[in-house]
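S.K.: Next come a sequence and a model predicted from it.
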Amino acid sequence: MGGMSTDELVSIALELAGMRRLPPDSEVYVPGERIERLLVALDVGTAELLLARSLGCDGVLAHHPAGGRAVLRFPEVLTRHVELMVEQGVEPTAAKAALQPLLARTVLRAQAANYDQVPAVARILRLPFLNLHLPLDEIGRRIIVETIERYRARLERECTVQDVIEALQTLPEFAEAETRIMVPVGAIDRPARRIAVVHGAGTNGGAAVAQAYFDHGIDTVIYLHLAPEEAERLRASQTGTVIVLGHVAGDRIGINRYLAEVERHGVEVVRIGI
């Protein structure tokens, strides 16, 4: 018989992302074999599991954590922010200090999670179920970085924030999105000499992480999303530019690349909202 197992679905994601093991924010909740029709959504709850069964799907893939250890251990993946900051020249002690408030908040929020509700329903339905978060975001981050660098290499003048936006709009996920790329901090005519693509680290780092980048010579930070109060804090500092891409559009980049490979292996993908 054909189809793929949940382990094979994981292996494809890890290979594309250049990872050796499944990170803490991703999990196989119910393992399974011979998955031929896969329902995929950004977020999966009990309704999506029941919909998958009614549509004749024999497996479900969520992007965001849907329960289990992926929810309880989600704070662990936030340390990827420190790695990204250090790669851009942020001093390690400053990087850790910038992340600490977000990390502390996320640890406490995990204590409130009803972490087994959705996986328990999948087990009752005997429906193979997994989520892949950081691996698909890392695939997307690499594509975004490469797209910007290719565009900048063709410019015969200094790159601006507007140039970065135009580079990103060459990707169909942004060109066709219902949301638009925004610059809530800074301005489109500012130079974009040093750019940090802050994606594939659990969630955005807020004002503290962006400010750490600015304090270490990075003038342009790219987030998928940013809370209004965090943007206000950064505007008050007047030290850099933040480009906000849009959560759904940004997530779709890595998801689409991954699902294209899954379909190449003969699995039918049923998309919900992506």
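M.R.: In hand now; what should we look at? Residues are numbered from 1 along each chain as shown.

S.K.: So, low pLDDT: which residues of the stretch 101-250 of the chain?
M.R.: Low-confidence segments of the stretch 101-250 of the chain (pLDDT under 70): none present.

S.K.: now the helices for it?
M.R.: Here the stretch 101-250 of the chain has its helices, by DSSP state H, counting those that start in this stretch, at 117-125, 134-154, 161-168, 172-175, 206-215, 228-237, 247-264.

S.K.: Need those helices in CSV (columns: mean neighbour count).
M.R.: All C-beta atoms are positioned from the backbone trio N, CA, C, and that covers glycine. Putting these into CSV (neighbours: other CB atoms under 10 Å) gives the following:
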stretch, mean neighbour count
helix 117-125, 18
helix 134-154, 19
helix 161-168, 19
helix 172-175, 17
helix 206-215, 23
helix 228-237, 15
helix 247-264, 20
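
S.K.: Any idea which of the ones you listed gets closest to residue 102?
M.R.: helix 206-215 (5.8 Å; CB to CB).

S.K.: Going by contacts, tell me the helices and strands next to the closest one.
M.R.: Using 3 or more CB pairs under 8 Å, 6 or more residues apart in numbering; DSSP states H and E, the elements in contact with helix 206-215 are helix 80-87, helix 92-110, strand 220-223, helix 228-237.

S.K.: packing partners for the longest one?
M.R.: Packing contacts for helix 92-110, counted by 3+ CB pairs under 8 Å, 6+ apart, involve helix 74-77, helix 80-87, helix 206-215.

S.K.: centroid residue for this protein?
M.R.: In the chain, the residue lying closest to the centroid (CA atoms, centre = their mean) is residue 137, at 3.6 Å.

S.K.: The helix or strand residue 29 falls within: partners in the sheet, and parallel or antiparallel?
M.R.: Using DSSP states H and E, residue 29 sits in strand 27-30. Each strand paired with strand 27-30, and its direction, by DSSP bridges: strand 129-131 (antiparallel).

S.K.: got the contact list for the strand it pairs with?
M.R.: With contacts defined as CB atoms under 8 Å, 6 or more residues apart in numbering, strand 129-131 is touched by 6, 9-10, 25-30, 32, 44, 49, 59-66, 70, 119, 122.

S.K.: Try it again at 6 Å.
M.R.: Contact with strand 129-131 is made by 6, 26, 28, 29, 30, 60, 61, 62, 65, 66, 70, 122, as judged by CB atoms under 6 Å, 6 or more residues apart in numbering.

S.K.: neighbours around the fourth one, how many?
M.R.: Applying other CB atoms under 10 Å, we find 26 other residues in the vicinity of residue 29.

S.K.: Now for it: which residues touch it?
M.R.: Neighbour list for residue 29: 68, 119, 122, 129 [criterion: CB under 6 Å, 6+ apart].

S.K.: before we move on, what about the last one?
M.R.: Taking CB under 6 Å, 6+ apart as the definition of contact, the neighbours of residue 122 are 29, 30, 49, 129.

S.K.: Show me what the second one bridges to in the sheet.
M.R.: Partner residues in beta bridges with residue 30: residue 129, with DSSP bridges as the criterion.

S.K.: Distance-wise, check the closest residue to residue 12 other than its chain neighbours relative to residue 20.
M.R.: In space, and not counting its chain neighbours, residue 12 is closest to residue 261: 5.4 Å by CB to CB, 6 or more residues apart in numbering. From residue 261 across to residue 20, the span is 18 Å (CB to CB, to the nearest Å).

S.K.: For the residue nearest to residue 126 when sequence neighbours are not counted, give me the pLDDT.
M.R.: In this structure, residue 126 finds its nearest non-sequential neighbour in residue 30, 7.4 Å apart by CB to CB, 6+ apart. Residue 30 carries a pLDDT value of 98.

S.K.: Ok, residue 13 next?
M.R.: Note for residue 13: predicted pLDDT of 98.

S.K.: who does the strand or helix carrying it touch, helix- and strand-wise?
M.R.: Assigned by DSSP H and E, residue 13 belongs to helix 6-17. The elements that helix 6-17 packs onto, with contact taken as 3 or more CB pairs under 6 Å, 6 or more residues apart in numbering; DSSP states H and E, are helix 134-154.
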